[in-house]
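**Q** model the following, please.
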Amino acid sequence: MIRLKLASAALVSGTLAATRALSGAAPHAHAPVAAMALAPAVAQAPVRASRGSTDEAASARGIDVSHYQGRIDWTAVEGDGVGFAFVKATEGTSFVDPAFRRNWDALGETRILRGAYHRFRPGRDAVAQAEHFLAVARIGEGALPPVLDVEATDGVSDARLVRGVRAWLAAVEQRTGVRPVVYTKPGFRRAHLGNALDDYPLWIAEYGVDSPSHPRWTFWQHSERGRVAGIAKPVDLDRFNGSHAELRELASASSRPGDTRLADR
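**A** Numbering: from 1, shown residues only. Next comes the predicted model:
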């Protein structure tokens, strides 16, 4: 398989270092990232996803969803200014989100960039979890990098947690040629992960702040109580550390010819 790399020379300095990890750089090759100036997010009240400016230099706005949100009108979501969406695909070694296929297919009919994530269960075999995710959410042309949601220990030691997470990330990267993104929260990272995963792009979930406390981030979940047209229930709101044009470039770098559809299950 030919390894796919991100053409980082085209990116502005605010996103360059954050996305270098996606090019397959060697582990622990760190570079500082300047957090972009973003509007404060208010966690105490429902937050509306702003349509924002059509300027391509504006930060790309996104959401992440699961079956919890119910049926989604993705045309209305697109009309509300959402530029990307991550959809829950799997959890553990057997669970498939019942809304994943419906959401994924519907997103494919819009201009919203789509990506898939897996909820990691530390007590289960990590490689089996990676295989489960890959069987359900085959990363195809134009998809955003795969994401691993790491926010629980399930009672295992921190050392075992990190080993398992790295095993999942390595297995997915080997199969897809794409460097996955790690989703986590600052408190969980400090308590259980330290800087053990900082050689991967980070998606930080942190609310009620002007920007994430971690200086190097690629995505930021800034609210869990957002309101978006086309979605009846509250939804997570996200930002990408760069412009929508740069996000499209990131998705293009994740293309894997010959694997553009979900696996038939």
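**Q** how about the strands in this structure?
**A** Along the chain, the stretches classed as strands by DSSP state E are 47-48, 59-65, 84-91, 95-96, 113-119, 147-149, 181-184, 202-205, 219-227, 235-243.
**Q** where do the helices sit along this structure?
**A** 13-20, 74-79, 100-107, 126-136, 158-176, 186-188, 244-253 (DSSP state H).
**Q** mind checking which of the ones you listed is nearest residue 152?
**A** Closest of the helices of the chain to residue 152 is helix 186-188, at 8.1 Å (criterion: C-beta to C-beta). Placement of C-beta: from N, CA and C, glycine included.
**Q** thinking again about what came up before, looking at the strands of the chain, which has the lowest confidence?
**A** Mean pLDDT across those is lowest at strand 47-48; the value there is a mean of 53.
**Q** residues contacting residue 219?
**A** 62, 181, 183, 201, 202, 203, 204, 238, 239, 240, 241 (C-beta atoms under 8 Å, 6 or more residues apart in numbering).
**Q** closest to residue 249 out of those?
**A** residue 240 (11.1 Å).
**Q** what about the nearest residue to the closest one once chain neighbours are set aside, distance to residue 84?
**A** Closest residue in space to residue 240, ignoring its immediate chain neighbours: residue 60 at 4.1 Å, by C-beta to C-beta, 6 or more residues apart in numbering. Residue 60 is 6 Å from residue 84, where distance means C-beta to C-beta, to the nearest Å.
**Q** over to residue 230?
**A** 15 Å.
**Q** not counting sequence-adjacent ones, nearest residue to the most centrally placed residue in the chain?
**A** Geometric centre of the chain, nearest residue: residue 147, 4.7 Å, by C-alpha atoms, centre = their mean. Leaving aside its sequence neighbours, residue 147 sits nearest to residue 117 (C-beta to C-beta, 6+ apart; 3.7 Å).
**Q** touching, residue 134 and residue 174? I think so.
**A** No. Counting by C-beta atoms under 8 Å, residue 134 stays clear of residue 174, with 10.2 Å between them.
**Q** sorry, back to before: okay if I get the strands of the chain as JSON lines plus distance to residue 127?
**A** Formatted as JSON lines, the strands of the chain follow (distance: least, C-beta to C-beta, whole Å):
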{"stretch": "strand 47-48", "distance to residue 127": "38"}
{"stretch": "strand 59-65", "distance to residue 127": "25"}
{"stretch": "strand 84-91", "distance to residue 127": "14"}
{"stretch": "strand 95-96", "distance to residue 127": "17"}
{"stretch": "strand 113-119", "distance to residue 127": "13"}
{"stretch": "strand 147-149", "distance to residue 127": "13"}
{"stretch": "strand 181-184", "distance to residue 127": "17"}
{"stretch": "strand 202-205", "distance to residue 127": "22"}
{"stretch": "strand 219-227", "distance to residue 127": "25"}
{"stretch": "strand 235-243", "distance to residue 127": "28"}
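**Q** so which of the ones you listed gets nearest residue 140?
**A** Proximity to residue 140 (C-beta to C-beta) singles out strand 113-119 among those, at 9.9 Å.
**Q** got the contact list for the closest one?
**A** So strand 113-119 is in contact with 62, 64, 83-92, 100, 104, 107-108, 129-130, 132-133, 137, 139, 142-149, 168, 183, 247-248, 251, going by C-beta under 8 Å, 6+ apart.
**Q** try stretch 93-101
**A** Stretch 93-101 has contacts (C-beta under 8 Å, 6+ apart) with 65-67, 69-71, 87-91, 116, 121, 124-125, 128-129, 132, 136-137, 262, 265.
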